[in-house]
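S.K.: need coordinates for the below:
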Amino acid sequence: MFGIPGKQAVTLTPAAARQIARLMAKQDSQGLRIGIKKGGCAGMEYTMDYVSDVNPMDELVEQDGARVMIAPMAQMFLFGTEIDYQISALESGFKFNNPNVSEACGCGESIKFKDQPAQ
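M.R.: I've put the predicted structure just below:
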């Protein structure tokens, strides 16, 4: 695993942990798996998928009834990230406060990481 021994790759705000726990119960899943993929105008996008089994290569983060698995290829890009869940008058969703991001597109769906080659 990537990171500092004894320190989780990501942290969850209480709002994010509550929402993930709700989603796990609703979908009868073992948790949410977070990864990254190429795409979007800034070059990379976050992915979130329900999982029925925990992959032993994933980093497991458990907090207040929520379970998040970090895909191996995403661990170094997500280290130090805080995941929040926000609700506003126009939208609701997970927000990634990631110190490794150098740029984000206007809609916030696409990101570029520090030291990532240009597309």
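
S.K.: doesn't residue 37 make contact with residue 71?
M.R.: No. Contact criterion C-beta atoms under 8 Å: residue 71 and residue 37 do not qualify, at 9.7 Å. For glycine as for every other residue, the C-beta is placed from the backbone atoms N, C-alpha and C.

S.K.: which neighbours do these two share?
M.R.: residue 47 (C-beta atoms under 8 Å, 6 or more residues apart in numbering).

S.K.: looking at these two now, which is surrounded by more residues?
M.R.: residue 71 (19 against 12; other C-beta atoms under 10 Å).

S.K.: which ones are touching that one?
M.R.: 33-36, 47, 55, 58.

S.K.: again, only this time at 6 Å
M.R.: Listed by C-beta atoms under 6 Å, 6 or more residues apart in numbering, the contact set of residue 71 reads residue 35.

S.K.: where's it relative to residue 15, distance?
M.R.: 23 Å (C-beta to C-beta, to the nearest Å).

S.K.: and residue 102, by the same measure?
M.R.: Taken as C-beta to C-beta, the span from residue 102 to residue 15 is 26 Å.

S.K.: who has more neighbours out of these two?
M.R.: The neighbour comparison of residue 102 against residue 15 (other C-beta under 10 Å) goes to residue 15, with 15 against 12.

S.K.: and the helix or strand that contains that one, what's buried?
M.R.: For residue 15, the host element (DSSP states H and E) is helix 14-27. By neighbour count on 16 or more other C-beta atoms under 10 Å, the buried set for helix 14-27 is 16-17, 19-21, 23-24.
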